[in-house]
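Enquirer: Let me see the structure of the following:
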Amino acid sequence: MAGTAKRTTELLDLWQAGDTPARDRLLEHCCDRLKALTHRMLRQRFSHVGRWEETDNVLQRAMLRLYQSLENVTLESGRHFYNLV
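Expert: Below is the predicted model:
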């Protein structure tokens, strides 16, 4: 997990330094974790939604919103990023 946090911070630093493609790499980096969290939330907390929505559909919409949110937020750390997520 420490390696994941370090990589998240590296990608955030690159993106904030003006490396525009780093935002895409940041989202790719966290996608598997977010997919697992989405699946768990649909199964445990929102089972009534799971009847109509697939994990990938919910994840895709969330990732699009996150992508857009990153345009408007200045992130201070990897923790701040995951709080936004």
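
Enquirer: which residues in the protein form helices?
Expert: Listed in chain order, the helices of the chain (DSSP state H) span residues 2-16, 21-44, 47-50, 55-69, 78-84.

Enquirer: which residues does the residue lying closest to residue 81 once chain neighbours are set aside contact?
Expert: In space, not counting the residues next to it along the chain, residue 81 is nearest to residue 75; the distance is 5.1 Å by Cβ to Cβ, 6 or more residues apart in numbering. Where you see a C-beta, it was placed from the backbone N, CA and C, and this is true even at glycine. For residue 75, the set of contacting residues under the criterion of Cβ atoms under 8 Å, 6 or more residues apart in numbering consists of 12, 16, 81, 84.

Enquirer: Hmm, residue 12 and the third one touching each other?
Expert: The reference is to residue 81. Yes - look at residue 81 against residue 12 with Cβ atoms under 8 Å: they come within range, at 6.1 Å.

Enquirer: Give the intersection of the neighbour lists for those two.
Expert: Residues touching both residue 81 and residue 12 comprise 26, 75, with contact defined as Cβ under 8 Å, 6+ apart.

Enquirer: which residues touch residue 23?
Expert: Here residue 23 is in contact with 15, 67, 70 (criterion: Cβ under 8 Å, 6+ apart).

Enquirer: Of those residues, keep whichever come out buried.
Expert: Neighbour counting by 16 or more other Cβ atoms under 10 Å classes 15, 70 among the contacts of residue 23 as buried.

Enquirer: and which of the contacts of residue 23 is nearest residue 32?
Expert: Set against residue 32, the nearest of these by Cβ to Cβ is residue 67 (16.5 Å).

Enquirer: dump the residue contacts of the closest one.
Expert: Residue 67 makes contacts with 23, 27, as judged by Cβ under 8 Å, 6+ apart.

Enquirer: Take the helices of the chain and lay them out in JSON lines including mean pLDDT.
Expert: Shown next, in JSON lines, are the helices of the chain (pLDDT from 0 to 100):
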{"stretch": "helix 2-16", "mean pLDDT": "84"}
{"stretch": "helix 21-44", "mean pLDDT": "84"}
{"stretch": "helix 47-50", "mean pLDDT": "59"}
{"stretch": "helix 55-69", "mean pLDDT": "85"}
{"stretch": "helix 78-84", "mean pLDDT": "83"}
